[in-house]
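Visitor: next comes the sequence, and after it the predicted model I'd like to discuss.
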Amino acid sequence: MKVGAKNLITDVPGIYVGNAQDDALKSGTTVLISDAPFVASVDVMGGAPGTRETDLLAPDKHVGAVDALVLSGGSAFGLDAASGVVNGLRAQGRGFAVGDVTVPIVPAAILFDLLNGGDKGWADNPYPALGEAALADASEDFDLGSVGAGTGALTGFLKGGLGSASFVLNSGITVGALVACNPIGSVNTPGERHFWAAPFEMDGEFGGLGPDPRAGLCLPPHSLKAPGINERSNTTIAIVATDAKLNKAQAKRVATAAQDGMARAIVPAHTPFDGDLVFAAATGKREMDEPDKDMLQIGAAAAHCLARAIARGVYHASPKAGDVLPCWKDSQKS
């Protein structure tokens, strides 16, 4: 395996990502689209998910492809970001044809960032507009850190953020991950210098410090996220994508395998207070020559990419006025 040219999920041919955020709100939205409808599925391992249109991603459900996937801040309010994306896609004439009507299919997942120091006193829900703006921003190049759905994200001890990573397999199949990292747990070992995902780092992509040399590492069951309310202010939401031709059952298996990456990068992960969720997307542009072998490698690569993407999101977080937790880069200066 080798890292893709951009080390982003958009190394998967035909995939595009757009971000929109409001720094005063300390929140935002991220949209993933393709140049054609794509197969998708989802796996949920957190105890407190917030989702839209995820039931139709089950292998036994009728809709075979979707038009976009949305990751958003804003808790339940953020689910309306998908409405903005639906409106934008409808204006483009994209969606599932039902007679004379075209209905864009846009599953979404949200994280809780309502208590991060941003101005949440809106009169009208801002998320539909953020969703439409993120769709309009979609391209092969996008920023990481405090952007899109990662704008107001927090980990247990530092700012979270939006991360991405990719691999190209020896077979030529490309795999990538995109994540908004906002867990109750930590992405860094005690002291916040080293990343739990360090054994999987490629080419110094999140600092090159290597694994923490200490043994017996464990985190206490607390978080610095707004003491007293931290159990309600979490969730890591992700998308893994490939250009391999997968059916919905195979996409479901890739999403499930990718959850291992979350557990490698966040301690603890999949808690009762996180809505940890992974979408899988498959554009179908490349046939699998050896389906059993290729599925094994795609799942393994998806987990590796997701672990790296989580660390990259925290590594690239940037400071903003009113922050309640420091960024990783600022924490290294003391």
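Guide: Cool, the structure landed.

Visitor: who does the lowest-mean-pLDDT helix or strand in the chain pair up with?
Guide: Among the helical and strand segments of the chain, the one scoring lowest on mean pLDDT, DSSP states H and E is strand 96-98, with a mean of 85. In the sheet, strand 96-98 lines up against strand 101-103 (antiparallel) (DSSP bridges).

Visitor: what are the buried residues along the strand it pairs with?
Guide: Counting neighbours by 16 or more other Cβ atoms under 10 Å, one finds that strand 101-103 has no buried residues. From N, CA and C alone the C-beta is placed, and that goes for glycine too.

Visitor: heading C-terminal from it, find the next helix or strand.
Guide: Following the chain from strand 101-103 toward its C-terminal end, the next helix or strand by DSSP states H and E is strand 108-110.

Visitor: now for the helix or strand just after that next one, which elements pack on it?
Guide: On the C-terminal side of strand 108-110, the closest following helix or strand by DSSP H and E is helix 127-136. In terms of contact count using 3 or more Cβ pairs under 8 Å, 6 or more residues apart in numbering; DSSP states H and E, helix 127-136 is assigned the packing partners strand 15-22, strand 27-44, strand 66-72, helix 81-91.

Visitor: just want the angle from the very next helix or strand once past helix 127-136 to strand 27-44.
Guide: Past helix 127-136, further along toward the C-terminus, the next helix or strand under DSSP H and E is strand 161-168. Computed with axes from the mean of the first three to the mean of the last three Cα atoms, to 10 degrees, the direction of strand 161-168 lies at 50 degrees from that of strand 27-44.

Visitor: helices or strands up against strand 161-168?
Guide: strand 174-181, helix 291-315.

Visitor: and those, which is most packed in?
Guide: strand 174-181 (a mean of 31; mean count of other Cβ atoms under 10 Å).

Visitor: just checking: what are the partner strands of it?
Guide: According to DSSP bridges, the neighbouring strands of strand 174-181, each with its direction, are strand 161-168 (antiparallel), strand 237-244 (antiparallel).

Visitor: so who does Phe195 touch?
Guide: In this structure, Phe195 makes contact with 187-189, 201, 206-207, 209, 265, 311, 314-315, judged by Cβ atoms under 8 Å, 6 or more residues apart in numbering.

Visitor: Ala238: what's its closest spatial neighbour, skipping adjacent residues?
Guide: Spatially, and ignoring its direct neighbours in sequence, Ala238 is nearest to Val179 (3.9 Å; Cβ to Cβ, 6 or more residues apart in numbering).

Visitor: repeat that for Leu217.
Guide: Thr189 (5.3 Å).

Visitor: run a quick neighbour tally on that neighbour.
Guide: Thr189 sits with 19 neighbouring residues when counted by other Cβ atoms under 10 Å.

Visitor: contacting residues around Ala108?
Guide: By Cβ under 8 Å, 6+ apart, the contact list for Ala108 reads 51-53, 69-72, 78-79, 81-82, 85.

Visitor: ok, 7 Å please
Guide: Counting by Cβ atoms under 7 Å, 6 or more residues apart in numbering, Ala108 touches 51-53, 70, 72, 79, 81-82.

Visitor: state the paired neighbours of the helix or strand hosting Phe279 in the sheet, together with their directions.
Guide: Secondary structure here is read from DSSP H and E; on that basis Phe279 sits in strand 277-286. Strands that pair with strand 277-286, judged by DSSP bridges, come out as strand 27-44 (antiparallel), strand 237-244 (parallel).

Visitor: next helix or strand past the shortest one?
Guide: In this case it means strand 237-244. Stepping forward along the backbone from strand 237-244, the first helix or strand reached (DSSP H and E) is helix 248-265.

Visitor: list the buried ones in that following helix?
Guide: Under 16+ other Cβ under 10 Å, the buried positions of helix 248-265 are 248, 250-265.

Visitor: for it, list the C-alpha coordinates in PDB.
Guide: Written as PDB, here are the backbone C-alpha positions of helix 248-265 (Å, rounded to 0.1, in the frame of the first residue of the first chain):
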ATOM      1  CA  LYS A 248     -24.500  -2.800  -0.200                       C
ATOM      2  CA  ALA A 249     -23.600  -5.900   1.900                       C
ATOM      3  CA  GLN A 250     -20.000  -5.500   1.000                       C
ATOM      4  CA  ALA A 251     -20.100  -1.800   1.800                       C
ATOM      5  CA  LYS A 252     -21.600  -2.700   5.200                       C
ATOM      6  CA  ARG A 253     -18.700  -5.000   5.900                       C
ATOM      7  CA  VAL A 254     -16.200  -2.300   5.000                       C
ATOM      8  CA  ALA A 255     -17.900   0.200   7.300                       C
ATOM      9  CA  THR A 256     -17.800  -2.400  10.100                       C
ATOM     10  CA  ALA A 257     -14.100  -3.100   9.600                       C
ATOM     11  CA  ALA A 258     -13.300   0.600   9.500                       C
ATOM     12  CA  GLN A 259     -14.600   0.900  13.100                       C
ATOM     13  CA  ASP A 260     -11.400  -0.700  14.200                       C
ATOM     14  CA  GLY A 261      -9.600   2.500  13.100                       C
ATOM     15  CA  MET A 262     -11.700   4.500  15.500                       C
ATOM     16  CA  ALA A 263     -10.700   2.200  18.400                       C
ATOM     17  CA  ARG A 264      -7.000   2.500  17.400                       C
ATOM     18  CA  ALA A 265      -7.100   6.300  17.500                       C
END
